[in-house]
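In: got a predicted model here, sequence first, then my questions.
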Amino acid sequence: MASLSLSPNPDCRINATIFSPRMQLPRRVVVVSGVSGIHLPAKSSLSASLEKNRKNKVAVVRMSSMSPALHSYDVVVVGAGIIGLSIARQLLIGSELSVAVVDAAVPCSGATGAGQGYIWMVHKVPGSEKWELAMRSRELWEKFAEDIKHQGMDPQEVLGWRKTGSLLVGKTSQDMAALKGKVDQLSKAGLKAELLSSIDLMEVEPALVIGEEGCAAFLPDDYQLDARRSVAYIEKENRKYAIEGRYGEYYNQPVTGWLRSGDGKIEAVQTSKNLLYSKKAIIIATGCWTGSLMQDLTRDLDIELHVPVKPRKGHLLVIENFNSFKMNHGLMEVGYIGHQDATLQPSNLDSGVDHHSETSSISMTATMDSLGNLVLGSSRQFVGFSTEIDKHIINRIWERAREFFPSLRELSLTELEKSREVRVGLRPFMPDGKPMIGPVPGLSNVFLAAGHEGEGLTLALGTAEMVADMVLCNPSKVDKAPYALHGHCS
Ligand SMILES: Cc1cc2nc3c(=O)[nH]c(=O)nc-3n(C[C@H](O)[C@H](O)[C@H](O)COP(=O)(O)OP(=O)(O)OC[C@H]3O[C@@H](n4cnc5c(N)ncnc54)[C@H](O)[C@@H]3O)c2cc1C
């Protein structure tokens, strides 16, 4: 019998929730009791199993001295951000496999919870390595929203899904030349794109003031979602599979080690509370923590793997129930593109010290979410793993937004103290600007899906499809070569 312990999670503040689906544990393990879905192994059977592992030359990596509960799944996904949860969803809907999702905390505690929610193509480059994945991912989001509609629900309510269109805005004649080129490029790639003059913009976005030379690339078919709502919905959908014994959630338990068998396969993932056996695949989707986790996990193995993911901190300023003016589209200043792509000196990346001028940049992004909150961004900083709110950065985001929306100058941030929220997240930055998606060289059943920087929401469903196709040995819909991992075993 499946045993469930459910707690609704509309805003991702869920505590530990364990679904314990029907278990098919390895034969050598004896389950002696089950309480509220938590099955405890007999101590003796665990040590017997470890002893057998040792005899079979199994590498036991940092096992805890306490007996963990044992569970078995086809696939174990580590990381319950948008990437991990989407991968779990794809495997659940697209196969018969059972899936466990593990997280050190809860969904949305990583970068996902801070995401602004644009699913935009306006700032992307047709023909670039990531273009195909972005297009496929967007198509899958559209299909996801359509399916929700066909089930009689409103995608705006469920996902915060809205076709707001996007405006990439510039103020100077150089910006105008760049934006004109952008519109041509996007049109040639088959997207509906228009160049709007400052006069056109007065009509479509009256609160925006960018001067006579200003203009914007407009993509009417770009979308926006609410990351927290989308995650809550994906979780809810994934949980439906727990009833048939195909889904388990293990939150608030960091992965601390794993078990490796003699044939090089990783047999199980060790968390602070459980030992999760995997029959088919282990997927590491731990965002900006992936580098350090993989370093820890592979330390005792003969594998050289470089996972250069770094945390890139971002702040968003949310003004709740905003009604000073209406905003009809999502907006981003053209400088965002350079700001996202900026590669910084390794010394800056590694220092962990906040030298504002060297390691932080701000560019204006503005969206209105489905609840009527004005969401202003965004910052990028290399300051290690700190998620502390930096007031200096918030002031800079506010000042930058006021340069585009002068009516904000009539409002003071101090007065808005009670109706504002600051979101901070650590984007998983990759020096080459591409996520790592694929099998880990030397560990045939371990896959990585991390490093999506500022595009993880946009690329989530395409990434999930790609990973699921890899696990299921299906042909890939999108060229996976640009995302392959490099490394070797000695
Ligand atoms: C301010 C801001 C705005 C953004 N806006 C957008 C946007 O508009 N559009 C867009 O496409 N993208 C946006 N992004 C980027 C997007 O949010 C990220 O790319 C995406 O959320 C990354 O998802 P993830 O699942 O890889 O990582 P995360 O969401 O960080 O999830 C990783 C998970 O791994 C868990 N974990 C870590 N270590 C362990 C361990 N040892 N064991 C178990 N679990 C572990 C963490 O607890 C976490 O839950 C934005 C990001 C920020 C910060």
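Out: Yep, that arrived. Please read all numbers here as calculations on a predicted model, not as lab measurements.

In: show me what from the stretch 101-250 of the chain comes close to the ligand.
Out: Counting by C-beta under 6 Å from any ligand atom, the residues of the stretch 101-250 of the chain close to the ligand are 102-105, 109-112, 114-118. In short, each C-beta sits where N, CA and C put it, glycine included.

In: do that again at 5 Å, thanks
Out: Contacts of the stretch 101-250 of the chain with the ligand, taken as C-beta under 5 Å from any ligand atom, map to 103-105, 109-112, 114-116, 118.

In: quickly check those residues for the two that are furthest apart.
Out: Largest separation among these by C-beta to C-beta: 104 and 118, giving 26.9 Å.

In: so the two - more neighbours on which side?
Out: Under the neighbour definition other C-beta atoms under 10 Å, residue 104 and residue 118 were set side by side, and residue 118 has more, 25 against 20.

In: that one is in contact with residue 224, isn't it?
Out: Yes: contact criterion C-beta atoms under 8 Å: residue 118 and residue 224 qualify, at 5.4 Å.

In: which neighbours do the two share?
Out: Residues touching both residue 118 and residue 224 (C-beta atoms under 8 Å, 6 or more residues apart in numbering): 330, 367.

In: what domains does the record give for this structure?
Out: The chain is divided into the following domains under automatic domain parsing: 31-113+228-308+433-489, 310-429.

In: tell me the most buried of these?
Out: Most buried of those, by mean neighbour count (mean count of other C-beta atoms under 10 Å): domain 31-113+228-308+433-489, with a mean of 21.

In: for residue 453, what are its contacts?
Out: By C-beta under 8 Å, 6+ apart, residue 453 lies in contact with 312, 340, 427-430, 433, 435.

In: does the stretch of helix or strand residue 427 belongs to reach the ligand?
Out: Using DSSP states H and E, residue 427 maps to strand 420-429. Yes: applying C-beta under 5 Å from any ligand atom, one finds strand 420-429 touching the ligand at 425, 427.

In: quick one: contacts of that strand?
Out: 110-115, 287-288, 290, 309-320, 373, 380, 382, 385, 387-389, 394, 413, 435, 450-454, 456.

In: turn the domains of the chain into JSON lines, columns for distance to residue 131 and mean pLDDT.
Out: Shown next, in JSON lines, are those (distance: least, C-beta to C-beta, whole Å; pLDDT from 0 to 100):
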{"stretch": "domain 31-113+228-308+433-489", "distance to residue 131": "10", "mean pLDDT": "85"}
{"stretch": "domain 310-429", "distance to residue 131": "14", "mean pLDDT": "86"}
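
In: which element is residue 290 on?
Out: For residue 290, the element it lies in under DSSP H and E is helix 290-298.

In: turn the domains of the chain into JSON lines, columns for distance to residue 215.
Out: JSON lines is the format used below for these (distance: least, C-beta to C-beta, whole Å):
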{"stretch": "domain 31-113+228-308+433-489", "distance to residue 215": "24"}
{"stretch": "domain 310-429", "distance to residue 215": "10"}
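
In: for residue 123, which of those domains is the nearest?
Out: Counting by C-beta to C-beta, residue 123 lies closest to domain 310-429 out of these; the figure is 5.3 Å.

In: what's the span of the closest one from first residue to last?
Out: 5 Å (C-alpha to C-alpha, to the nearest Å).

In: so who does residue 90 touch?
Out: So residue 90 contacts 461, 464-465, 467-468 (C-beta under 8 Å, 6+ apart).

In: one more time with 10 Å, if that's ok
Out: Shown in contact with residue 90 (C-beta atoms under 10 Å, 6 or more residues apart in numbering): 99, 140, 460-461, 463-469, 471-472.

In: just want the angle from the helix or strand containing it to strand 420-429.
Out: Residue 90 belongs to helix 82-94 when assigned by DSSP H and E. If you take axes from the mean of the first three to the mean of the last three C-alpha atoms, to 10 degrees, helix 82-94 sits at 80 degrees to strand 420-429.

In: thinking again about what came up before, let's see which of the contacts of residue 90 end up in helices.
Out: Using DSSP state H, the subset of the contacts of residue 90 located in helices is 140, 460-461, 463-469, 471.

In: wait, which of those residues is closest to the ligand?
Out: Compare each of these with the ligand using C-beta to the nearest ligand atom and the shortest gap goes to residue 460, at 7.2 Å.

In: looking at it, the closest one is touching residue 79, isn't it?
Out: No: with contact taken as C-beta atoms under 10 Å, residue 460 and residue 79 are classed as non-touching, separated by 12.0 Å.

In: show me the contacts for whatever residue of the stretch 201-350 of the chain ends up closest to the ligand.
Out: Residue nearest to the ligand within the stretch 201-350 of the chain: residue 287 (2.6 Å; C-beta to the nearest ligand atom). Residues near residue 287 by C-beta under 10 Å, 6+ apart: 79, 81-84, 110-112, 293, 309, 311, 425-428, 449-453, 456.

In: got it, and residue 163?
Out: 119, 142, 145, 155-156, 220-224, 329.

In: and if we set it to 8 Å?
Out: Residues counted as contacts of residue 163 (C-beta under 8 Å, 6+ apart) are 220-223.

In: and it, its phi and psi?
Out: Per-residue torsions, residue 163: phi -90, psi 80 (degrees, to the nearest 10).

In: do you know how far it is from residue 368?
Out: Residue 163 sits 13 Å away from residue 368 when distances are taken as C-beta to C-beta, to the nearest Å.

In: these two touch, right, residue 158 and residue 148?
Out: Yes: Residue 158 is within contact range of residue 148, at 5.3 Å (criterion: C-beta under 8 Å).

In: list the contacts of residue 404.
Out: Counting by C-beta under 8 Å, 6+ apart, residue 404 touches 169, 208-210, 331, 333, 364, 366.

In: just put these in CSV and tack on distance to residue 128 and secondary structure.
Out: Formatted as CSV, these follow (distance: C-beta to C-beta, whole Å; DSSP: H, G, I helix; E, B strand; the rest coil):
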residue, distance to residue 128, secondary structure
169, 21, strand
208, 28, coil
209, 32, coil
210, 27, coil
331, 22, strand
333, 20, strand
364, 23, strand
366, 25, strand
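
In: let me have those residues in JSON lines, extended by distance to residue 268.
Out: Listed next are the contacts of residue 404 as JSON lines, based on distance: C-beta to C-beta, whole Å:
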{"residue": "169", "distance to residue 268": "51"}
{"residue": "208", "distance to residue 268": "54"}
{"residue": "209", "distance to residue 268": "59"}
{"residue": "210", "distance to residue 268": "56"}
{"residue": "331", "distance to residue 268": "48"}
{"residue": "333", "distance to residue 268": "48"}
{"residue": "364", "distance to residue 268": "47"}
{"residue": "366", "distance to residue 268": "46"}
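
In: now residue 182: how far from the ligand?
Out: 18 Å (C-beta to the nearest ligand atom, to the nearest Å).

In: pretty sure that residue contacts residue 168?
Out: Yes: the pair residue 182 / residue 168 is scored as a contact, 6.8 Å apart, by C-beta under 8 Å.

In: okay then, goodbye and thanks.
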